[in-house]
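>>> what follows is a predicted protein model with its sequence.
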Amino acid sequence: MDPEDLASDRALSPYSFREKVARVLWGLTQATLFRWTFHNWYGLRRALLGLFGAKLHPTVRIRRSVLVECPWNLSMGADCSIGDRAIVYCLGPVTVGARTTISQGAHICAGSHDYRKRSMPLLRPPIDIGSDVWIAADAFVGPKVRVGDGAILGARAVATTHLEPWTIYSGNPAQAVKARGAIEE
């Protein structure tokens with residue numbers, strides 16, 4: 001590829017003008033109103049995310065230090081929570097089932113680049129996290145990953161491939177450790 005072609009490819013933004021404006025407005029809102037709320041003002045944070053297109057059940061709890069990119073790509077079911085300093089990078093769709101916990105410092109990353117092309121174009125593959133899942137502290141869930149219902153991704157583990165339902169994973173890359181037993185009510 002000609003260096004000029006590469007430069008022009010990289011100069012083309014993968015974002016529409018509308019999406020650029022929305023990202024700037026969300027960035028300002030997140031850095032101020034969202035961040036300045038009291039720790040337990042979950043309803044206000046849900047409302048702010050909802051204004052930017054997030055589809056959140058009324059029982060979702062998101063801490064004020066969470067970073068959400070492109071909230072219009074986020075959907076969360078009942079009784080979910082996202083802990084302090086988690087990053088939810090929703091360049092592509094991120095779907096979270098009911099009763100799922102994403103712990104502090106976890107990173108959900110629905111964005112990557114096509115390394116096979118010199119221009120490294122942006123990719124926005126989805127992430128699907130099932131119900132009754134626990135993504136533990138500082139864990140990473142990469143693009144295109146499906147986390148099955150009831151799975152646990154242990155602290156600081158890295159999931160770059162699908163996680164089977166009702167299985168506990170740890171390590172980098174994440175490896176199955178054992179089956180998760182039934183949940184007691």
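Sure, I can see it.

>>> show residues contacting the longest helix anywhere in the chain.
Ranked by residue count, the top helix of the chain under DSSP state H comes out as helix 17-29. Outside of helix 17-29, the residues within contact range by C-beta atoms under 8 Å, 6 or more residues apart in numbering are 13, 15, 48, 51-52, 68-72. The C-beta positions use only the backbone N, C-alpha and C, and glycine is treated the same way.

>>> what's the mean pLDDT across that helix?
For helix 17-29, mean pLDDT is 96.

>>> output the helix or strand following that helix as PDB, restricted to C-alpha atoms.
As assigned by DSSP states H and E, the chain's next helix or strand after helix 17-29 is helix 42-51. Extracted in PDB, the C-alpha atoms of helix 42-51 (Å, rounded to 0.1, in the frame of the first residue of the first chain):
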ATOM      1  CA  TYR A  42     -28.100   5.100  40.800                       C
ATOM      2  CA  GLY A  43     -31.300   6.500  39.400                       C
ATOM      3  CA  LEU A  44     -29.800   9.700  38.200                       C
ATOM      4  CA  ARG A  45     -26.900   7.900  36.600                       C
ATOM      5  CA  ARG A  46     -29.300   5.500  34.900                       C
ATOM      6  CA  ALA A  47     -31.300   8.500  33.600                       C
ATOM      7  CA  LEU A  48     -28.100  10.200  32.300                       C
ATOM      8  CA  LEU A  49     -27.000   7.000  30.500                       C
ATOM      9  CA  GLY A  50     -30.600   6.600  29.200                       C
ATOM     10  CA  LEU A  51     -30.600  10.100  27.700                       C
END
